[in-house]
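Q: How does the following fold in three dimensions:
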Amino acid sequence: MELQRKRSFNTSTVSHDFRKEYKGSFLEKKCRKVKKEGKKNGLKSLAEWILTKTSTGKKTTSSNTVSQKTGSGAKIVTIQEKMPYFDHVPNEIFFQILKNCKTDQPSVLAIRRVSNRFNACMDHVADVKMNVLSRLVLSGLGKKGIEMRWVSYEGQKTKTTVVPWDVVRSPKSGFEFNFNRFSIQRILLKNVPLSDDLIDFLRSLLQLSDLSKLIQLSLSQVDFSPSNSLSLHRFLAPMAKTLEIFEITQCTGMRADSVTDEHLAQLDASTVRRICIDGVRFASLSTKNLDIGDGALRRFARLGAFPTMILDRCAVTTNTVCDYTKEWFEQCNESEKQLRSQVCTVKRCPKVKGSQFESECRRRGLRCKNRRGSGSLTLYNVQEENTKREFTIALAALEDKELAEKLKTSECQNNANLLTVPSF
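A: As a prediction, this is how the structure comes out:
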């Protein structure tokens, strides 16, 4: 038996169009009316919600506004006065007004009459909290200016602002209100030109801040070409006594007097823990080393301070490095910290040679063992007899290219001397 699908409609009424009966019928009119009423109800509820919000807002701000009601016949007219313009003054300007305000009673009463915010300040006086900046980072943006970033580890907040060069060169930058409440711990300069305009800009702002907790100053990829020896001296002056870490890495455009013994003498020997001068790039090929010589090492040894040092392209000599090592053994304390190895890295210094260093150490009664380090570094572990104390000196010779250039210049000078004809 063959099964057939049951038909729901009669075959005679399948082609019937029910939409023709719906158009213009009572059912269509009723549905339209319901839709219109739904829109009206929605708009009505939205308007009521807005009115309730505004009414509650008026109640909360009734202290800031004054309303007057006047009766005219059967109608009541409400006149609301706007907030005075003095209450819209920015915080920075308001701070200056309060700072320069006279303390006599008539002036205070006059300000109370025109400013509700001053009333609130006078009624609720509290000390302004200092903002502790874990890092103040200044990065170069080319012709646009510099990017100033404030990083706070305690509040886990970071704020970035772009300072155009016009603002840097202007006598008033507009950041005085902020820096007056800053306590800075670290200052980092990255990819900026160390010009006098930038130094004056930073000095004018840093003199307003609390620098008693400043422990680090790092200059990375800084262009020293627009500066001179006095520029870094002026920059270090307000902060050098509290620094524990002083770093100059991968800087360009340097000259022999860009960093000298006098700059390191500005640091407090009892406070500084690390001095790093690495990746030095000179503006001229004729410049071979910085004017950081034996004076800096002798000063630290005389004061009994032995910070971890990395000296690249400096004018220190082998004998002074050996004397510095000997002084460390004589003056260091027998404590857990001093049992660990003290590291001093001397890189690409033309007056320091490894073979001579070994012989000088043996002449001073020190045991010296050398081993290969990373790259071109040779590590010399210097020990006293019957002690665990160890002083590690890392020496890096000049690169092959630099040696070839040095040999070429010396050969050219010798040839020039041979070609010169003596005058009688």
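Q: Okay, buried residues for stretch 156-164 please.
A: Val163 (16 or more other Cβ atoms under 10 Å). From N, CA and C alone the C-beta is placed, and that goes for glycine too.
Q: Which parts of the stretch 51-200 of the chain are strands?
A: 66-72, 75-81, 131-133, 135-140, 146-152, 157-163, 182-184, 186-190 (DSSP state E, counting those that start in this stretch).
Q: repeat for the stretch 251-400 of the chain
A: 274-278, 308-312, 342-347, 367-372, 377-383, 390-396.
Q: Of the ones you listed, which is nearest Lys159?
A: Lys159 sits nearest to strand 274-278 of all these, at 28.2 Å, using Cβ to Cβ.
Q: and the closest one, which strands flank it?
A: Next to strand 274-278 in the sheet, as set by DSSP bridges, lie strand 245-249 (parallel), strand 308-312 (parallel).
Q: got the angle for the first one vs strand 186-190?
A: Comparing the axes of strand 245-249 and strand 186-190 via axes from the mean of the first three to the mean of the last three Cα atoms, to 10 degrees yields an angle of 0 degrees.
Q: any idea of the mean pLDDT in strand 245-249?
A: In this model, strand 245-249 carries a mean pLDDT of 96.
Q: Adjust the sequence numbering to begin at 39 for everything that follows.
A: Understood, numbering begins at 39; the last thing we discussed is strand 283-287.
Q: Just the CA coordinates for that strand, please, in PDB.
A: What follows is strand 283-287, C-alpha atoms only, in PDB (Å, rounded to 0.1, in the frame of the first residue of the first chain):
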ATOM      1  CA  ILE A 283      73.900  54.600  39.400                       C
ATOM      2  CA  PHE A 284      75.500  56.700  36.600                       C
ATOM      3  CA  GLU A 285      75.300  55.300  33.100                       C
ATOM      4  CA  ILE A 286      76.300  56.600  29.600                       C
ATOM      5  CA  THR A 287      75.700  53.900  27.000                       C
END
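Q: Buried ones in that strand, by neighbour count?
A: Ile283, Phe284, Glu285, Ile286, Thr287.
Q: try stretch 265-281
A: For stretch 265-281, by 16+ other Cβ under 10 Å, it's Ser265, Ser269, Leu270, Phe273, Leu274, Met277, Ala278, Lys279, Thr280, Leu281.
Q: The last one contacts Ile253, doesn't it?
A: Read that as Leu281. Yes - using Cβ atoms under 8 Å, Leu281 is in contact with Ile253, at 6.6 Å.
Q: Tell me how many other residues surround the nearest residue to Ser267 once chain neighbours are set aside.
A: The spatial neighbour of Ser267 that comes closest, neighbours along the chain excluded (Cβ to Cβ, 6 or more residues apart in numbering), is Asp295 at 4.1 Å. Here the count is done by other Cβ atoms under 10 Å, and Asp295 has 15 residues near it.
Q: so what's Asp295 up against?
A: Neighbour list for Asp295: Asn266, Ser267, Asp329 [criterion: Cβ atoms under 8 Å, 6 or more residues apart in numbering].
Q: So which of these sit within helices?
A: Among the contacts of Asp295, the members falling in helices (DSSP state H) are Ser267.
Q: can you redo the contacts of Asp295 as a markdown table with pLDDT and distance to Leu404?
A: Shown next, in a markdown table, are the contacts of Asp295 (pLDDT from 0 to 100; distance: Cβ to Cβ, whole Å):
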| residue | pLDDT | distance to Leu404 |
| --- | --- | --- |
| Asn266 | 90 | 40 |
| Ser267 | 90 | 36 |
| Asp329 | 93 | 29 |
